[in-house]
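[1] Quick one: sequence plus predicted model below, questions after.
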Amino acid sequence: MSHARITIDRDYTIADVPRRLFGSFVEHMGRCVYTGIYEPGHPLADERGFRKDVLALVKEMGPTVIRYPGGNFVSGYLWEDGVGPADQRPTRIDGAWHTIETNAFGLHEFVDWAREADVEIMEAINLGTRGVEEARALVEYANHPGGTYWSDLRRSNGAADPFDIKLWCLGNELDGPWQIGHKTAAEYGRLAQETAKAMKLVDDSIELVAVGSSNRGMPTFGTWEHTVLTHAYDEVDYISMHAYYQEHDGDAESFLAEAVEMDAFIEGVVATIDAVKAAGKHTKQVDISFDEWNVWYQTGLDTEDQPHQVSKSWRTHPRLIEDTYSVTDAVVVGTFLNSLLRHGDRVRIANQAQLVNVIAPIRSEEDGAAWRQSTFWPFERMARLARGQILRLAVSSSQISTKRYGDVDAVDAAATWDQETGRLVLFVANRSLEESNDLTIDLRGLGDLRVRQAETLTVPEDGDRHTANLESTQDAVRMVPLAGVGIEDGSVQATLPPLSWSVIELG
Ligand code: AHR
């Protein structure tokens, strides 16, 4: 048995919980839109073609904001193709995912769906093949009340009221050579600055996200952010981060420690933002939009799943990167959520990529069922329970040894305190594959709390760390009660199972 101790003081806070931290992502890629959220003809589709079974799972999972329509896809997308009478919309080649895009689903459909799902929209514009003019036209189309060319076109397309989209991404991964319209940092920095300026001249209430590095391993990581922000600091509000992680060669210990790398990545971007802020004598604060993160098994990908491979056949909504997630993946996702929450003072938006089918917590089959993957659970629990203030924790834990990151804490934690409801919620992972962890939580000034609920996601009795939720076993991995959690003399005692992510709710 290993041991850990967490000391909590409700006066040691990091920030308010940014509710946009629990975001997701819908890209026109694979089966995320088509046969994911939208499938006219499915027995459970409504009159607009929205799958009600998928929508119910989305509402249960509780994302607060959804990025749309890409991703790599957006860098070649013409937004005008997706508005107007559906039978007159053009069918196009999507070069990013070598797919045929019918444009049956577009901006109006997404706005309707997002309203139904009760999520905020985060709209990405094409800065790969397009520029200032198309971007400002889109803001006018979406947000201007009426009486102008683009806003009247929206009205004639059936939307009298503006969509009022506040959050906009200035392109996607333009530092990446795979991206349609890949740019140098200087080229992108200037374009982002001018596009941002023009968009805010149409609607000055919008918030803008500049493209950061596609991942920490990019050769331009650091200098990209520095150059882009040197140009566009005054015009933008956030810089993006993207990161995908996977288990390599059965090295589960290192995989379970990847949140250490996520922590370092975030802290590196914060340092770069602040260096530009200091050098430019700026007073305003630019923050981070971590608008793509997840577990994604990228090695051994089918050639047809790689961006920009010429397809042997052009397909509509092919199966692309439909990863099946295990108990191990769900625990790692739980630690990523912990990392994001711990950095909630600077990471103010985050989007798990993606929402349905494509590396997603929700799976659906064409003309068939929809179900929750293992990774659904940590997202759902944290999105629902993380309220109020994020607490700064003092954690002292036994270590696990990893090939990639040396010795790391076996216990990874984050917590929130909600003054209004008097609830304290802890999110705690035990990274050890073999050993339980005897956890003591010293509550200091919060000693009169009681345990409301304690639950864990861990290896099921009849399974192993690879167990996953399949169509035939949809509930194999889920949250189960964590037995034996008690409070004595102002301290919580809990035993965390090996390989687990737990939620302890006190109130
Ligand atoms: O989420 C899948 C892809 O990953 C996105 O299209 C792209 O932005 C990233 O490389």
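    In hand now; what should we look at?
[2] Next, the buried residues of stretch 83-100.
    By neighbour count on 16 or more other C-beta atoms under 10 Å, the buried set for stretch 83-100 is 83-84, 89, 94-99. All C-beta spots, glycine's among them, are computed from the backbone N, C-alpha and C.
[3] For beta bridges, what are the partners of the residue of the stretch 201-350 of the chain at minimum distance from the ligand?
    As assessed by C-beta to the nearest ligand atom, the ligand sits closest to residue 292 within the stretch 201-350 of the chain, at 5.5 Å. In this entry, residue 292 is beta-bridged to residue 242, by DSSP bridges.
[4] surely it meets residue 24?
    No - distance between residue 292 and residue 24: 10.3 Å, which falls outside the contact criterion (C-beta atoms under 8 Å).
[5] residues shared between the contacts of these two?
    Any residue near both residue 292 and residue 24 by C-beta atoms under 8 Å, 6 or more residues apart in numbering counts here, and that gives 67, 351, 353.
[6] Let's see if you can find the most crowded of the residues you listed.
    Among the shared contacts of residue 292 and residue 24, the one with the most neighbours (other C-beta atoms under 10 Å) is residue 67, at 31 neighbours.
[7] I'd guessed that one sits against residue 290; true?
    No - between residue 67 and residue 290 no contact is recorded; they are 10.9 Å apart, counting by C-beta under 8 Å.
[8] Overlap in contacts, these two.
    Joint contacts of residue 67 and residue 290 (C-beta under 8 Å, 6+ apart) are residue 351.
[9] Can you tell me, leaving aside adjacent residues, what's nearest to the residue in the chain that the ligand sits nearest to?
    The ligand sits closest to residue 71 of the chain, with a gap of 3.0 Å, by C-beta to the nearest ligand atom. Of all residues beyond its chain neighbours, the one nearest residue 71 is residue 27 (3.6 Å), with distances taken as C-beta to C-beta, 6 or more residues apart in numbering.
[10] I'd assumed residue 70 was in contact with that neighbour.
    Yes - Residue 27 lies in contact with residue 70 (C-beta under 8 Å); the separation is 4.5 Å.
[11] Give me the neighbour count for residue 38.
    Using other C-beta under 10 Å, residue 38 has 23 neighbouring residues.
[12] Please name the residues that touch it.
    So residue 38 contacts 49-51, 104-105, 109, 113 (C-beta under 8 Å, 6+ apart).
[13] out of those residues, which are inside helices?
    Members of these lying in helices (criterion: DSSP state H): 109, 113.
[14] I'd like the contacts of residue 38 written out as JSON lines, with distance to residue 461 added.
    Shown next, in JSON lines, are those (distance: C-beta to C-beta, whole Å):
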{"residue": "49", "distance to residue 461": "41"}
{"residue": "50", "distance to residue 461": "37"}
{"residue": "51", "distance to residue 461": "33"}
{"residue": "104", "distance to residue 461": "45"}
{"residue": "105", "distance to residue 461": "42"}
{"residue": "109", "distance to residue 461": "44"}
{"residue": "113", "distance to residue 461": "39"}
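[15] State the phi and psi torsions of residue 88.
    phi -110, psi 10 (degrees, to the nearest 10).
[16] How about residue 373, nearest residue that isn't a chain neighbour?
    According to C-beta to C-beta, 6+ apart, the nearest residue to residue 373 is residue 325 (4.6 Å).
[17] Make sure that neighbour is actually in contact with residue 467.
    No - using C-beta under 8 Å, residue 325 is not in contact with residue 467; the gap is 10.3 Å.
[18] shared neighbours of those two, anything?
    The contact sets of residue 325 and residue 467 overlap at residue 374 (C-beta under 8 Å, 6+ apart).
[19] For the two, indicate the residue with more neighbours.
    Taking neighbours as other C-beta under 10 Å, residue 325 and residue 467 compare with residue 325 leading, 23 against 18.
[20] Now do the phi/psi pair for that one.
    phi -100, psi 140.
[21] Looking at residue 292 and residue 24, which one has more neighbours?
    residue 24 (29 against 25).
[22] Averaged over its residues, which helix or strand of the chain has the lowest pLDDT?
    strand 486-488 (a mean of 92; mean pLDDT, DSSP states H and E).
[23] Other residues contacting it?
    Residues from elsewhere that reach strand 486-488 (C-beta under 8 Å, 6+ apart): 443, 449-451, 492-493, 506.
[24] Okay, now the sheet partners of that strand, with direction.
    strand 491-496 (antiparallel).
[25] Show the subsequent helix or strand relative to the strand it pairs with.
    strand 500-506 (DSSP states H and E).
[26] Show me what that following strand is packed up against.
    helix 327-342, helix 376-385, strand 423-430, strand 451-457, strand 491-496 (3 or more C-beta pairs under 8 Å, 6 or more residues apart in numbering; DSSP states H and E).
[27] thinking again about what came up before, and the least confident helix or strand of the chain, what's buried?
    Per 16+ other C-beta under 10 Å, strand 486-488 contains these buried residues: residue 487.
[28] any idea whether the residue nearest to residue 71 is helix, strand or coil?
    At residue 27 the chain is in coil, as set by DSSP: H, G, I helix; E, B strand; the rest coil.
[29] need the contact list for it.
    Residue 27 neighbours (C-beta under 8 Å, 6+ apart): 33, 68-74, 353-354, 358.
[30] if you set the cut-off to 6 Å instead, what comes out?
    For residue 27, the contacting residues are 70-71, 73, 354, by C-beta atoms under 6 Å, 6 or more residues apart in numbering.
[31] Next: residue 316.
    Contacts of residue 316 (C-beta under 6 Å, 6+ apart): residue 100.
[32] repeat for residue 350
    21, 23, 290, 340.
[33] Identify the farthest-apart pair in the buried residues of stretch 83-100.
    84 and 98 (25.7 Å; C-beta to C-beta).
[34] Specify the beta-bridge partners of residue 371.
    Where residue 371 sits in a bridge, its partners, by DSSP bridges, are residue 363.
[35] doesn't residue 243 make contact with residue 292?
    No - judged on C-beta atoms under 6 Å, residue 292 makes no contact with residue 243 at a distance of 7.4 Å.
[36] and this protein, which residues reach the ligand?
    Selection of the chain residues close to the ligand by C-beta under 6 Å from any ligand atom yields 27, 29, 70-72, 172-173, 292, 353-354.
[37] Just put those residues in JSON lines and tack on distance to residue 436 and pLDDT.
    Converted to JSON lines, the residues of the chain next to the ligand look like this (distance: C-beta to C-beta, whole Å; pLDDT from 0 to 100):
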{"residue": "27", "distance to residue 436": "40", "pLDDT": "98"}
{"residue": "29", "distance to residue 436": "40", "pLDDT": "96"}
{"residue": "70", "distance to residue 436": "43", "pLDDT": "96"}
{"residue": "71", "distance to residue 436": "40", "pLDDT": "97"}
{"residue": "72", "distance to residue 436": "43", "pLDDT": "97"}
{"residue": "172", "distance to residue 436": "43", "pLDDT": "98"}
{"residue": "173", "distance to residue 436": "41", "pLDDT": "98"}
{"residue": "292", "distance to residue 436": "34", "pLDDT": "98"}
{"residue": "353", "distance to residue 436": "33", "pLDDT": "98"}
{"residue": "354", "distance to residue 436": "34", "pLDDT": "97"}
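[38] what's around the spatially closest residue to residue 334 that is not a sequence neighbour, how many residues?
    Closest residue to residue 334 apart from its sequence neighbours, by C-beta to C-beta, 6+ apart: residue 501 at 3.2 Å. Neighbour count of residue 501, defined by other C-beta under 10 Å: 30.
[39] wait, doesn't residue 501 sit right on residue 430?
    No - assessed by C-beta under 6 Å, residue 501 is found out of contact with residue 430, at 8.0 Å.
[40] any weak-confidence spans in the protein?
    Across the chain, the ranges flagged by pLDDT under 70 are 300-312, 447.
[41] longest helix of it?
    Using DSSP H to define each element, the chain has its longest helix at helix 258-279.
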